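Student: Generate coordinates for the sequence data below:
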Amino acid sequence: MSRRLEICAASLHSARAAQAGGAHRIELCQNLEQGGITPSYGLLRQVLRELTIPVFVLIRPRPGHFAYDAGELAIMRADIDLSRELGAAGVVLGALTAAGRVDVAACRPLLEAAGPLPVTFHRAFDDCPDQAAALEDVIGLGCRRVLTSGGAATAAAGAAQLAALGRQAAGRIGILPGAGITAANARAVLAATGAPELHTSAKRRVTGPQPASMFGAEQWETDAALVAELVGLLAD
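Tutor: Numbering: from 1, shown residues only. Now for the predicted structure:
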């Protein structure tokens, strides 16, 4: 049974590498070191021009918690509108109450803005203390899948909870394991969870000479060879 691989790509280079390695879909974002935020207009437009695989767009206006005010929700709706206009294949979003419940009232207009685009509820889900209740809320909203580590630091550590969520979902929504997925643990996560797809960034630290800059920072990019290795493992 062939399973699918989604790559979280935070740059044009990473998006290109994901496609070159055989990924089936990307989640496009920026600022991945803080969990990812909505990509810029320029990045989104260029990626959609170059890639032929589906591009899902992260809709997250800032790093940090997932309880949004009215202004932030308006920004998210505008970013969903833009993603649709530019031809994205789907969007990835989530909003919670201060108590850690799925904010159904905030999410519903976002899904309405998405229209026919499939929606993934992102790892805000892992901030929910009661994941069983959260899953029912996400299903009720009409999301296509939920990206989660099962509330653990990694999907491998949360495999038992991911399996429980899959049983609860019973085909009503897809459970997409993510966080810390590598070639070393991908098969074990698949076996433990029965998931039909996995999510990872498949990145390496960029090495080699860099222009001197007082603003220099460590750089990580998706690596096509790592993607290809994972795709091969999922196909076996």
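
Student: Could you pull up the residues touching the spatially most central residue of the chain?
Tutor: Of all residues in the chain, the one closest to the mean position by C-alpha atoms, centre = their mean is residue 27, 5.2 Å from it. Counting by C-beta atoms under 8 Å, 6 or more residues apart in numbering, residue 27 makes contact with 6, 7, 8, 9, 36, 56, 57, 58, 92, 120, 147, 199. Bear in mind the C-beta positions are built from the backbone N, C-alpha and C, glycine included.

Student: Surely the third one is in contact with residue 201?
Tutor: Yes - in this structure, residue 8 is within contact of residue 201 by C-beta atoms under 8 Å, at 4.5 Å.

Student: Find residues that contact each of these two.
Tutor: Common neighbours of residue 8 and residue 201 (C-beta under 8 Å, 6+ apart) are residue 32.

Student: And the strands in the chain?
Tutor: Applying DSSP state E to the chain gives strands spanning 4-9, 25-28, 55-58, 90-93, 119-121, 145-148, 174-177, 197-200, 203-205, 220-222.

Student: Just list what the fourth one packs against, helices and strands only.
Tutor: If I follow you right, that is strand 90-93. Applying 3 or more C-beta pairs under 8 Å, 6 or more residues apart in numbering; DSSP states H and E, one finds that strand 90-93 contacts strand 55-58, helix 70-86, helix 104-114, strand 119-121.

Student: just how off-centre is it within its chain?
Tutor: Distance of strand 90-93 from the chain centroid (C-alpha atoms, centre = their mean, to the nearest Å) equals 8 Å.

Student: again with the first one
Tutor: Taking C-alpha atoms, centre = their mean, the mean C-alpha location of strand 4-9 is offset from the chain mean by 8 Å.

Student: what do you get for the last one?
Tutor: A distance of 15 Å separates the C-alpha centroid of strand 220-222 from that of its chain, computed with C-alpha atoms, centre = their mean.

Student: In the protein, where is pLDDT below threshold?
Tutor: Applying pLDDT under 70 to the chain picks out residues 1.

Student: Got phi/psi on the residue located most distally from the centre of it?
Tutor: Note on the chain: the largest C-alpha distance from the chain mean falls to residue 212, namely 33.0 Å (C-alpha atoms, centre = their mean). When read as degrees, to the nearest 10, the backbone of residue 212 gives phi -60, psi 130.

Student: about what we covered before: how about JSON lines for the strands of the chain, with distance to residue 167 added?
Tutor: Formatted as JSON lines, the strands of the chain follow (distance: least, C-beta to C-beta, whole Å):
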{"stretch": "strand 4-9", "distance to residue 167": "20"}
{"stretch": "strand 25-28", "distance to residue 167": "25"}
{"stretch": "strand 55-58", "distance to residue 167": "25"}
{"stretch": "strand 90-93", "distance to residue 167": "24"}
{"stretch": "strand 119-121", "distance to residue 167": "18"}
{"stretch": "strand 145-148", "distance to residue 167": "14"}
{"stretch": "strand 174-177", "distance to residue 167": "10"}
{"stretch": "strand 197-200", "distance to residue 167": "17"}
{"stretch": "strand 203-205", "distance to residue 167": "32"}
{"stretch": "strand 220-222", "distance to residue 167": "32"}
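
Student: Out of those strands, the one nearest residue 130 is which?
Tutor: Using C-beta to C-beta as the measure, strand 145-148 is the one of the strands of the chain that comes nearest residue 130, at 13.4 Å.

Student: As JSON lines, the helices and strands packed on strand 90-93 with mean neighbour count and distance to residue 139 would be great.
Tutor: Shown next, in JSON lines, are the helices and strands packed on strand 90-93 (neighbours: other C-beta atoms under 10 Å; distance: least, C-beta to C-beta, whole Å):
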{"stretch": "strand 55-58", "mean neighbour count": "26", "distance to residue 139": "19"}
{"stretch": "helix 70-86", "mean neighbour count": "16", "distance to residue 139": "20"}
{"stretch": "helix 104-114", "mean neighbour count": "17", "distance to residue 139": "11"}
{"stretch": "strand 119-121", "mean neighbour count": "26", "distance to residue 139": "9"}
